[in-house]
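Visitor: here is a sequence together with a model predicted from it:
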Amino acid sequence: MERYFFLLLLAIHVFIAKAQLDETLLPATGEREQLIHHKGFSLSYNPSYVQPSWVAYKVSESRVIADEVKGKYRADPMVTSRSADKKDYKEGGYIMAQFVNYLDIKNIPDAVEESFFMTNITPMKLAYYKHIWLKIEELVRLWSKDPEGLFVVCGAILSDAPFPTIGDNKVSVPTRYYKAVYDPENHRAIGFIFRNGMSSGKLSSYAVSIDEIEKETGLDLFPSLEDDLEERVESEVNFSSWDFELIE
């Protein structure tokens, strides 16, 4: 009876999590990776690197509440394989950075707590985190004025392996990260590729097409879009419709 009740709760959890995202936009799950749905985001977890190959979430103006939260880092209870621990970062020289910032999902019940699961954490250099990663997150929030919001996929470029590692759990330290932003209302997209440790340069200088991200990562980021739309959106290299002056 207890097992049945647990499975029922798990099924409800997954159903609610999927409802937060348009599931048709999720990338394909990588080989030997675990697909995990949380309330505010979904991810494809790769235990070989102790990193997700992608994390997907939605940013909308109504969801952004910019006040500080002090969360508790802990293991993701849904992971069925090797996982990172807070202790892995103790002497690594890297900070514990979130793929999905809790600010973007703060009004979803229980999502903030889940954003501190170790599956949503990655080792970044402090200067890069402060001057590049946080700024691009802020810019995406400023872009998300439409009620439909923006769909974001981000992660480490795992095809850069082998990586240096930190901690007893051998947490991979990615060389590069990517972020892909899709605007479903206007059918446009923009991508970014960053090097871990970079801390200068205009954000627009990191902009690339979605095709370029897919080439570097080996991922198919928006596989369920209609073929013609997917080809147009992913190959687009004219970024003038994205207002970088909001932050630069």
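Guide: Sure thing, it's come through. Quick caveat, the model's predicted, so the values are computed rather than measured.

Visitor: tell me the phi and psi of residue 111?
Guide: Dihedral angles phi and psi of residue 111 (degrees, to the nearest 10) take the values phi -70, psi -30.

Visitor: helix, strand or coil for residue 36?
Guide: strand (DSSP: H, G, I helix; E, B strand; the rest coil).

Visitor: need the contact list for it.
Guide: 42, 43, 44, 45, 76, 78, 79, 119 (Cβ atoms under 8 Å, 6 or more residues apart in numbering). For every residue, glycine as well, the C-beta is placed using N, CA and C.

Visitor: adding secondary structure and neighbour count, write the residues you listed out as a markdown table.
Guide: A markdown table is the format used below for the contacts of residue 36 (DSSP: H, G, I helix; E, B strand; the rest coil; neighbours: other Cβ atoms under 10 Å):
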| residue | secondary structure | neighbour count |
| --- | --- | --- |
| 42 | strand | 26 |
| 43 | strand | 30 |
| 44 | strand | 21 |
| 45 | strand | 26 |
| 76 | coil | 21 |
| 78 | coil | 19 |
| 79 | coil | 17 |
| 119 | helix | 25 |
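
Visitor: just give me the closest of these to residue 169.
Guide: Distance to residue 169 across the contacts of residue 36 (Cβ to Cβ) is lowest for residue 79, with 11.5 Å.

Visitor: so what's that closest one scoring on pLDDT?
Guide: Model confidence at residue 79, given as pLDDT, is 96.

Visitor: same thing with residue 236?
Guide: We have a pLDDT of 86 for residue 236.

Visitor: so residue 46 sits right up against residue 30, yeah?
Guide: Yes. Counting by Cβ atoms under 8 Å, residue 46 touches residue 30, with 6.2 Å between them.

Visitor: what do the two both touch?
Guide: With Cβ under 8 Å, 6+ apart, residue 46 and residue 30 have common neighbours residue 53.

Visitor: more neighbours: which of the two?
Guide: residue 46 (23 against 19; other Cβ atoms under 10 Å).

Visitor: contact partners for the more buried one?
Guide: Residue 46 touches 30, 32, 33, 52, 53, 158, counting by Cβ under 8 Å, 6+ apart.

Visitor: likewise for residue 157?
Guide: Taking Cβ under 8 Å, 6+ apart, we find residue 157 in contact with 174, 175, 176, 177, 178, 193, 216, 217.

Visitor: for the third one, which non-adjacent residue is spatially closest?
Guide: Spelled out, that is residue 176. Once flanking residues are discounted, residue 176 sits nearest to residue 157: 4.4 Å by Cβ to Cβ, 6 or more residues apart in numbering.

Visitor: what's the distance between that neighbour and residue 222?
Guide: Distance from residue 157 to residue 222, counting by Cβ to Cβ, to the nearest Å: 17 Å.

Visitor: which parts of the chain are strands?
Guide: 34-37, 41-46, 51-59, 95-98, 121-124, 150-156, 165-166, 171-172, 176-183, 188-195, 207-208 (DSSP state E).

Visitor: dump these into CSV; add mean pLDDT and distance to residue 88 as well.
Guide: Listed next are the strands of the chain as CSV, based on pLDDT from 0 to 100; distance: least, Cβ to Cβ, whole Å:
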stretch, mean pLDDT, distance to residue 88
strand 34-37, 96, 19
strand 41-46, 97, 16
strand 51-59, 96, 12
strand 95-98, 97, 9
strand 121-124, 98, 8
strand 150-156, 96, 15
strand 165-166, 97, 5
strand 171-172, 98, 5
strand 176-183, 96, 18
strand 188-195, 96, 22
strand 207-208, 96, 30
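
Visitor: surely residue 53 and residue 32 touch.
Guide: No. The criterion here is Cβ under 8 Å, and residue 53 misses it with residue 32 at 10.4 Å.

Visitor: those two: which is more packed in?
Guide: Counted by other Cβ under 10 Å, residue 53 and residue 32 do not tie: residue 53 has more neighbours, with 23 against 9.

Visitor: which residues touch that one?
Guide: Taking Cβ under 8 Å, 6+ apart as the contact definition, residue 53 lies against 30, 33, 44, 45, 46, 155, 156, 158, 217, 219.
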